[in-house]
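Enquirer: Kindly generate the corresponding structure for this input.
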Amino acid sequence: MRAIDLPKIDGHCHVLDPRHFPYAPDVAYRPQGQEIGTTDYFVHVMKAYGVEHALLVGPNSGYGNDNRCLPDALARHPQRFKRVAVVPAHTTLAELKALQDQGVVGIAFNPALHGLAYYADIDGLLAHLAALGMWAQFQVTGDQLPELLPRVQNLPLRLMIDHCGRPVLADGPDAPGVRALLGLAEGGRTLLKLSGFAKFSQTGFPFADCRAHVRRLLQVFGAEQCIWASDWPYLRADYRLD
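Expert: Just a heads-up that it's a prediction; the model follows:
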């Protein structure tokens, strides 16, 4: 049987619907054109590719801390979706528990977009996530991960790393960020998303330059700690992806 015919779960995707849920006024980036993907559109895409369930990630682009669009998707398709939200650093334990009760399984942090200084005050939030057994999902790039690790390694925290750690491939397979990422394979509490090749490929589709890095991650982490994800609808991609 072909992989395309097997049932699938998409571990990282977004819905963006500025017509019904206008973007926040203070966001740094406002997706347009092919980057927009509504819930109804995505459900059709899922059916076409045999994707039964998906983890919707709140995009820092467009919505930031505004989480109205994703709860609408979960309310309309409660059996298809779970979600990862974006919240302020001062979010309380009780507020996180309420989100958890609504189908939120984790909180997304995006140093690749905002920089590490933006997240200087999240230690309390990370402790709350650990207490609730929720996921802390990080999108880092280059060598950001080594600086971040001391803040998460001393907590009983469940970690998800987005988009293969978004290495700078030109820095080689022994770059500090890559070494730090491989070190997270030990202990079994970190899941790695094999996705987002368009975010770190230097050659573009079909991403031949990413293959050695991806194969190494799969070998070190093992299939049990890796998640396939589409990253639909490909925010900031400068060419069409389907």
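Enquirer: Quick check: phi and psi on the most centrally placed residue in the chain?
Expert: Nearest residue to the geometric centre of the chain (C-alpha atoms, centre = their mean): Asp162, 4.7 Å. Main-chain torsions, Asp162, degrees, to the nearest 10: phi -80, psi 150.
Enquirer: contacting residues for it?
Expert: Going by C-beta atoms under 8 Å, 6 or more residues apart in numbering, Asp162 touches 12, 137-140, 193, 195-196. C-beta: built from backbone N, CA, C; applies to glycine.
Enquirer: Just the buried ones among the residues you listed, please.
Expert: 12, 137-140, 193, 195-196 (16 or more other C-beta atoms under 10 Å).
Enquirer: Out of those, which comes closest to Thr92?
Expert: Gln137 (19.5 Å; C-beta to C-beta).
Enquirer: Doesn't that closest one lie inside a strand?
Expert: Yes: under DSSP: H, G, I helix; E, B strand; the rest coil, Gln137 falls within a strand.
Enquirer: Bridged to it, which residues?
Expert: Ala108, Met160 (DSSP bridges).
Enquirer: per-residue pLDDT, it?
Expert: Gln137 is assigned 98 on the pLDDT scale.
Enquirer: if I look at it, how far off is Trp228?
Expert: As judged by C-beta to C-beta, to the nearest Å, Gln137 and Trp228 stand 15 Å apart.
Enquirer: just Ala98 next, same as before
Expert: 30 Å.
Enquirer: swap in Val27?
Expert: Where Trp228 is concerned, Val27 sits at a distance of 28 Å (C-beta to C-beta).
Enquirer: Ok, Val84 next?
Expert: 16 Å.
Enquirer: Between those two, which has more neighbouring residues?
Expert: Val84 (23 against 15; other C-beta atoms under 10 Å).
Enquirer: What's opposite the more buried one in the beta bridge?
Expert: Under the criterion used (DSSP bridges), Val84 bridges to Val57, Gly106.
Enquirer: What spatial separation is found between it and Ile9?
Expert: Distance from Val84 to Ile9, by C-beta to C-beta: 14 Å.
Enquirer: Now for these two: what residues contact both?
Expert: Contacts common to Val84 and Ile9, judged by C-beta under 8 Å, 6+ apart, are Leu55.
Enquirer: Isn't Gln139 up against Gly115?
Expert: No: using C-beta atoms under 8 Å, Gln139 is not in contact with Gly115; the gap is 11.9 Å.
Enquirer: which neighbours do these two share?
Expert: Residues touching both Gln139 and Gly115 (C-beta under 8 Å, 6+ apart): there are none.
Enquirer: Could I get the buried residue list for stretch 120-128?
Expert: Those would be 122, 125-126, 128, for stretch 120-128 by 16+ other C-beta under 10 Å.
Enquirer: Cross the residues you listed against helices and list the overlap.
Expert: Members of those lying in helices (criterion: DSSP state H): 125-126, 128.
Enquirer: Adding pLDDT and distance to Glu147, write those out as a markdown table.
Expert: Shown next, in a markdown table, are those (pLDDT from 0 to 100; distance: C-beta to C-beta, whole Å):
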| residue | pLDDT | distance to Glu147 |
| --- | --- | --- |
| Leu125 | 98 | 18 |
| Leu126 | 98 | 15 |
| His128 | 98 | 22 |
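Enquirer: Roughly how far does Gly64 sit from Ala28?
Expert: Taken as C-beta to C-beta, the span from Gly64 to Ala28 is 8 Å.
Enquirer: just to revisit the earlier point, which of the ones in helices among the buried residues of stretch 120-128 lies at the shortest distance from Glu224?
Expert: Leu126 (24.1 Å).
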